[in-house]
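> what's the 3D shape of this:
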Amino acid sequence: MTLPKYAMDYRACKATDLMHFIFSRTLQKQPKRAKRVYTAKLRALDRNVTFRFLDLAPELRVMVYRELLPTEHLADRDREFHTSILRASKDVHQEAEGVLYGTALLPLCLRLHQSHKGGVTTDVQFGHHYPDATRIRHSHRIADLKWPRYVRHFTRVQVHISFRRPPKHPVADLTFYQLSHALYTLTGLLSNSPHFHELRVHIDPTDLPSSAAKAALALAPLAKLDIGLKTSLHGVPDEVVQCLASRAWQWKENQNAWQLPQCQRTLDAARALLAISADENVFPDSGRKRLEARMFQLRESLFRVGYMDAFRDRVILESVVALEELVRSLRGGVRRRLLMKVRRLEDGG
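Okay, here's the model as predicted:
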């Protein structure tokens, strides 16, 4: 094949040169004819030419990649096409991915749909035709949300965030929670990618909280990607951006170092109390079940939700406080029952 853009202009050549070109291609001498006949024959040969692509010089291969692959904005129609090119061979993949991922901007849409009953569905969509739509319903687990695999290969990613809700219904807090943990999964992918360079976030400000602090809480995971350096925000007030920047600094200072040790100490105390109550049979099943439920809730907050941001901090703090209060109240009851048991044994002895 010959790309028209890079085809030779035979009109600028002499007839004798065209005869030599035809002979070198066909090994057949040509009778004297008009120049237009030679030109037509050479163009026909160009259309039918075959060769091993990898035998071309590397510079020519890169020119072909740039001609075929989008280098500015990856449109919906390009997705299947560029995937088929990258699957041609391992060598082609290694060469072409630098052209595609290194320059093209990957457009993604994050849509949060709120139902009449307050439930929220989050869609991750490629471009505007939704071939990669992923839905999560009434779930706070990170494992339920899957961004497209190829996101981590791109150096430039653009995300449009929009909200959908029934008329005359306020935006539920669950919507902002879903937005927060959807953004966290994206920032986790990009922060662990050696290719990542730029993230553009365009937000529909219609349903964002009017409070800068609350809006920054919903967008908190973006603070992990250097707001102003690698991440740019569009559609939000400057106060929100400043609030996110201050959160990023605080996280770098604190790194949530207090949480895990405190949670572990609380869980250890609850386990010890549970073991004593099981061995000595000193408090009723209702208390044991409440303690087990609180322990399970804290473990879920720590290991199931699986990320560190302001929403998770609040969930963990509530779980820790609830478990600590329950341990204190049950510990007093266990102590009293153990003392009563000791006295009965002494009186009986």
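> all strands for the protein, in order.
Assigned by DSSP state E, the chain shows strands spanning 105-114, 120-126, 134-137, 156-164, 198-203, 231-234.
> can you give me the buried ones in the fifth one?
In terms of neighbour count (16 or more other Cβ atoms under 10 Å), strand 198-203 has its buried residues at 198-199, 201-203. C-beta: built from backbone N, CA, C; applies to glycine.
> could you do the fourth one as well?
Within strand 156-164, the residues that qualify as buried by neighbour count (16+ other Cβ under 10 Å) are 156-163.
> strand partners of it, parallel vs antiparallel please.
Strand 156-164 has its sheet partners listed here by DSSP bridges as strand 105-114 (parallel), strand 198-203 (parallel).
> distance to Leu298 for the ones you listed - can I get that in a markdown table?
Listed next are those as a markdown table, based on distance: least, Cβ to Cβ, whole Å:
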| stretch | distance to Leu298 |
| --- | --- |
| strand 105-114 | 28 |
| strand 198-203 | 32 |
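> quick one: which of these is nearest Ala88?
Distance to Ala88, taken as Cβ to Cβ, is lowest for strand 105-114 among those, at 20.7 Å.
> quick one: mean pLDDT for the closest one?
Averaging pLDDT along strand 105-114 yields 79.
> nearest to Gln242, of the strands of the chain?
Counting by Cβ to Cβ, Gln242 lies closest to strand 231-234 out of those; the figure is 10.8 Å.
> what residues does the closest one touch?
Strand 231-234 is contacted from outside by 198-203, 219, 222, 225, 227, 240-241, 244, using Cβ atoms under 8 Å, 6 or more residues apart in numbering.
> and for His234, the neighbour number?
Neighbours of His234 under the rule other Cβ atoms under 10 Å: 11.
> going forward, count from 9.
Okay, residue one is now 9; in that scheme the one you just asked about reads as His242.
> bridged to it, which residues?
Beta-bridge partners recorded for His242 (DSSP bridges): His210.
> distance check, it against His210.
Relative to His210, His242 is positioned 5 Å away (Cβ to Cβ, to the nearest Å).
> likewise for His121?
18 Å.
> Leu325 is nearest to which of the strands paired with strand 164-172?
Nearest to Leu325, of all the strands paired with strand 164-172, is strand 113-122, at 25.0 Å by Cβ to Cβ.
> end to end, how far does stretch 176-187 reach?
Distance across stretch 176-187, first residue to last, is 21 Å (Cα to Cα, to the nearest Å).
> if we can go back for a sec, how about a markdown table for the contacts of strand 239-242, with distance to Arg60 added?
As requested, those are exported to a markdown table (distance: Cβ to Cβ, whole Å):
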| residue | distance to Arg60 |
| --- | --- |
| Glu206 | 36 |
| Leu207 | 39 |
| Arg208 | 40 |
| Val209 | 44 |
| His210 | 44 |
| Ile211 | 49 |
| Leu227 | 50 |
| Leu230 | 47 |
| Leu233 | 43 |
| Ile235 | 48 |
| Val248 | 55 |
| Val249 | 52 |
| Leu252 | 52 |
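> tell me, which of the strands of the chain is the model least confident about?
Across these, the lowest-scoring stretch is strand 142-145, with a mean of 51.
> for burial, what's the neighbour tally of Arg226?
One thing to correct before we go on: residue 226 is Ala, not Arg. Neighbour count of Ala226, defined by other Cβ under 10 Å: 25.
> ok, it to Gln133 distance?
Applying Cβ to Cβ to Ala226 and Gln133 gives a distance of 19 Å.
> repeat that for Leu76.
From Leu76 across to Gln133, the span is 25 Å (Cβ to Cβ).
> these two - which one has more neighbours?
A direct count of neighbours by other Cβ under 10 Å for Leu76 and Gln133 places Gln133 higher, at 19 against 15.
> ends of stretch 25-41, how far apart?
13 Å.
> show me which positions of that stretch end up buried.
Of the residues in stretch 25-41, 26-27, 29-30, 38 count as buried by neighbour count, 16+ other Cβ under 10 Å.
> quick one: Ala226 and Gln186 touch, right?
No - between Ala226 and Gln186 there is no contact under Cβ atoms under 8 Å: 9.3 Å.
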